[in-house]
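Undergrad: Build me a model from this:
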Amino acid sequence: MHDQSNPSGAQARTSSTLPPHIAALGDSLQDLLSPKDLAAPPFNISTAAFYAWKRQNRLGFGDLVIKLGRSNRIRRLDLLLWLESRKGVRA
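TA: Prediction:
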């Protein structure tokens, strides 16, 4: 059964289970980011890369994307945890 309260499929985390540098972001962790938001600092993920990674589900990136009508969004927390899990891993 799919949990409708968590459309990205990411497991719920409390601030005590997050790395300190991520937990420090507080309420902004639930922000939904657009491809345009990701193209700006600090992420600098081009929109072309966003759509290619989504289409290919590159390294699990596509699993982070939430479709809202015709829009694509990624929850800031999910993206930060995905980036954290990719540290030191070569593609």
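Undergrad: Leaving out the residues flanking it, which one is nearest to L77?
TA: Spatially, and ignoring its direct neighbours in sequence, L77 is nearest to L29 (4.0 Å; CB to CB, 6 or more residues apart in numbering). To be clear about C-beta, it is placed using only N, CA and C from the backbone, and glycine gets the same treatment.
Undergrad: Pretty sure the one you found sits in a helix.
TA: Yes: under DSSP: H, G, I helix; E, B strand; the rest coil, L29 falls within a helix.
Undergrad: can you give me the helices in this structure?
TA: Secondary structure of the chain by DSSP state H: the helices cover 20-23, 35-39, 47-56, 76-85.
Undergrad: Quick one: mean pLDDT over the second one.
TA: In this model, helix 35-39 has an average pLDDT of 95.
Undergrad: Quick one: distance of that helix to the chain centre.
TA: 11 Å (CA atoms, centre = their mean, to the nearest Å).
Undergrad: Over to the shortest one?
TA: Here helix 20-23 is found 15 Å from its chain centre; the criterion is CA atoms, centre = their mean.
Undergrad: Could you name the helices and strands sitting against that helix?
TA: helix 76-85 (3 or more CB pairs under 8 Å, 6 or more residues apart in numbering; DSSP states H and E).
Undergrad: Sounds good, over and out.
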